[in-house]
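Asks: what follows is a predicted structure for the sequence shown.
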Amino acid sequence: MTLTPARSLAVFAAFAFGYLLSSLVRGVTATLAPAFSAEFALNSSQLGLLGGAYFLGFAVMQLPVGQWLDRIGPRAVLTLCLSVAVASCVAFAMAGGFASLLLARFACGIGVSACLIAPLTGARMWLAGRFQQSANAWMLMAGSLGLLSATLPVQWALPVWGWRPVFMLLAALFALTLVAIAVLVPRHERKDTRPAARSLLQSYRPIFASRYFRAMAWIGLVNYGSLVALQTLWMGPWMTTVAGYTPDEAARGLFAVNLVMLFVFWLWGIANTRLHRAGLRAEQLMAWGLPLGIAALIWPALAVFCALSSFLALTHPAVGMAFPTHEAGRAISAFNLLLFVGVFGVQWGVGAGIDALVASGWAKAEAMRAVFAMLALACAASYLWFMAELWRDPREAAVAQG
């Protein structure tokens, strides 16, 4: 199915607004961390678990959502998921303790679990290959706008509204997005006439058996997971604990980082079509660019790390294009599963590591520096795996991306 330019723009706008909201609700814990810690007396481990619960709910849904996307299409899957997002934001706004916050946050991850992979699957179905990387970059630009909205605007709203009305407003905006998706996005026209797989895991067997997928796997799990974990939670505490920022200054710092990311993804959207015409493949660009981001994390220069790690934005479309159209939803969702398992592990693991070092006598700032250094080493190790696995036979990459 081919969409007209006007219809494509309307569909993209509906998808992009949904992803903007999902990114806003994903990143808001970094801004609200001081408020949650004060109201509910949370330690670093609990704060990491609260941030990670969203990603755990997100990860749990990736394999089912991928299968549903290939069977019933982006429109049906996303409207179903967004209805859960509406309910979860209401539940979060009404939470009375850490346990209820945790459950609502987990449900929110379930509710927004298709906000990126549904549009990426739609792009694989409806757009030519040369436009898919650009569509992905602009979708991530919308996500950066959502993360931007989760910083200073939320910080400014706190003294006036408090954090609970913010989540009630998010529930209303998710409901409006659900209606827009239902009205604008085309119904699924399934062209794969083969019998459905007998089980969920069997349907993913060709995905996990692919060496191209395995080459990308550790990059998604460790490098991409670390980027999202730091950007959506631990950059805020780093600024207040290590750099000595006030909460307002930290919110401004997060705003600046996400503003930079917005422009970086905008530039990727412009450049990707030209790079595709020049014959530069996604894995080549990552091979050159990822070491720069790892070096920035070792420094650590976190804003530079986020900007240089934007090479990771090439991964989702690259994985989707490496598989036939009828398997694209499962391929992208399987990669997304690894990514968000990584985010959960890093968010919780960083908090647990900091608490463990502090309990053994370290100053909190020094404990945080040590944990971030270990994270940089893990990113370097996963990059070496990526290079060794993918370039063992360069022909596979050429065939997958050709």
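Replies: That came through fine.
Asks: please make it C-alpha for all contacts and neighbour counts, starting now.
Replies: Will do.
Asks: state the next helix or strand along the chain beyond the longest helix belonging to the chain.
Replies: When the chain is parsed with DSSP state H, its longest helix is helix 44-93. For helix 44-93, the following helix or strand on the C-terminal side (DSSP states H and E) is helix 98-111.
Asks: quick one: buried residues of that next one?
Replies: Of all the residues in helix 98-111, those buried under the rule 16 or more other CA atoms under 10 Å are 98, 101, 102, 103, 104, 105, 106, 107, 108, 109, 110, 111.
Asks: and the angle for that helix with helix 44-93?
Replies: Put simply, helix 98-111 runs at 70 degrees to helix 44-93, going by axes from the mean of the first three to the mean of the last three CA atoms, to 10 degrees.
Asks: ok now helix 98-111, how far from the chain's centre?
Replies: 17 Å (CA atoms, centre = their mean, to the nearest Å).
Asks: one more: stretch 261-271?
Replies: With CA atoms, centre = their mean, you get 16 Å for stretch 261-271.
Asks: so which bits of that stretch are buried?
Replies: Going by neighbour count (16+ other CA under 10 Å), the buried part of stretch 261-271 is 261, 262, 263, 264, 265, 266, 268, 269.
Asks: which residue packs closest to the last one, ignoring adjacent ones?
Replies: Read that as residue 269. The shortest distance from residue 269 to any non-neighbouring residue, by CA to CA, 6 or more residues apart in numbering, is to residue 134 (4.1 Å).
Asks: contacts only, for that neighbour.
Replies: Taking CA atoms under 8 Å, 6 or more residues apart in numbering, we find residue 134 in contact with 268, 269, 270, 271, 272, 273.
Asks: which strands and helices sit next to the strand or helix carrying the fourth one?
Replies: In this case it means residue 271. Taking DSSP H and E as the definition, one finds residue 271 inside helix 247-277. Secondary structure elements in contact with helix 247-277, counted by 3 or more CA pairs under 8 Å, 6 or more residues apart in numbering; DSSP states H and E, are helix 5-40, helix 129-149, helix 152-161, helix 235-241, helix 302-308.
Asks: mind running it again at 10 Å?
Replies: Counting contacts by 3 or more CA pairs under 10 Å, 6 or more residues apart in numbering; DSSP states H and E, helix 247-277 is packed against helix 5-40, helix 129-149, helix 152-161, helix 235-241, helix 282-298, helix 302-308.
Asks: so how far is the last one off the chain centroid?
Replies: What it means is helix 302-308. 16 Å.
Asks: kindly export the next helix or strand after that helix (C-alpha atoms) in PDB.
Replies: Per DSSP H and E, the first helix or strand lying C-terminal to helix 302-308 is helix 315-321. The C-alpha trace of helix 315-321 is given here as PDB (Å, rounded to 0.1, in the frame of the first residue of the first chain):
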ATOM      1  CA  THR A 315      19.800   0.700  14.300                       C
ATOM      2  CA  HIS A 316      16.000   0.200  14.200                       C
ATOM      3  CA  PRO A 317      15.500   0.900  10.500                       C
ATOM      4  CA  ALA A 318      18.700  -1.100   9.700                       C
ATOM      5  CA  VAL A 319      17.300  -4.200  11.500                       C
ATOM      6  CA  GLY A 320      13.800  -3.700   9.900                       C
ATOM      7  CA  MET A 321      15.300  -3.500   6.400                       C
END
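Asks: tell me the contacts of residue 171?
Replies: With contact taken as CA atoms under 10 Å, 6 or more residues apart in numbering, residue 171 is in contact with 21, 82-93, 165, 177.
Asks: want to try CSV for the helices and strands packed on helix 247-277, with distance to residue 201 and mean pLDDT as columns?
Replies: Below are the helices and strands packed on helix 247-277 laid out as CSV (distance: least, CA to CA, whole Å; pLDDT from 0 to 100):
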stretch, distance to residue 201, mean pLDDT
helix 5-40, 27, 88
helix 129-149, 27, 84
helix 152-161, 41, 88
helix 235-241, 36, 91
helix 282-298, 27, 93
helix 302-308, 34, 91
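Asks: residue 355: which of these is closest?
Replies: Minimum separation from residue 355 across those (CA to CA) falls at helix 235-241, 13.2 Å.
Asks: residues making contact with that closest one?
Replies: 29-34, 44, 151, 227, 229-230, 243-254, 257, 302-303, 364-366, 368-369, 372.
Asks: dump the helices and strands packed on helix 247-277 into CSV; add distance to residue 347 as well.
Replies: CSV is the format used below for the helices and strands packed on helix 247-277 (distance: least, CA to CA, whole Å):
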stretch, distance to residue 347
helix 5-40, 11
helix 129-149, 17
helix 152-161, 21
helix 235-241, 11
helix 282-298, 16
helix 302-308, 16
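Asks: looking at those helices, which is buried most?
Replies: helix 129-149 (a mean of 24; mean count of other CA atoms under 10 Å).
Asks: the inter-axis angle of that helix versus helix 282-298?
Replies: Helix 129-149 runs at 20 degrees relative to helix 282-298, counting by the same axes, to 10 degrees.
Asks: helix 129-149 vs helix 5-40, what angle?
Replies: On the basis of the same axes, to 10 degrees, helix 129-149 is oriented at 30 degrees to helix 5-40.
Asks: by how many degrees do helix 129-149 and helix 247-277 diverge?
Replies: 180 degrees.
Asks: can you tell me which residues contact the residue of the chain most remote from its centre?
Replies: Ranked by distance from the centre of the chain (CA atoms, centre = their mean), the top residue is residue 361, with 34.5 Å. Neighbouring residues of residue 361 by CA under 10 Å, 6+ apart: residue 367.
Asks: if we can go back for a sec, check the contacts of residue 134 and tell me the two furthest apart.
Replies: So, these by CA to CA: farthest apart are 268 and 273, at 9.0 Å.
Asks: give me the common contacts of the two.
Replies: 133, 134, 135.
Asks: from these, which is closest to residue 203?
Replies: residue 133 (25.7 Å).
Asks: low-confidence ranges, the stretch 301-402 of the chain, go.
Replies: Scanning the stretch 301-402 of the chain with the threshold set as pLDDT under 70 gives 393-402.
Asks: hmm, try it at 50
Replies: 394-402 (pLDDT under 50).
Asks: would JSON lines of the shared contacts of residue 268 and residue 273 with distance to residue 205 be doable?
Replies: As requested, these are exported to JSON lines (distance: CA to CA, whole Å):
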{"residue": "133", "distance to residue 205": "26"}
{"residue": "134", "distance to residue 205": "29"}
{"residue": "135", "distance to residue 205": "28"}
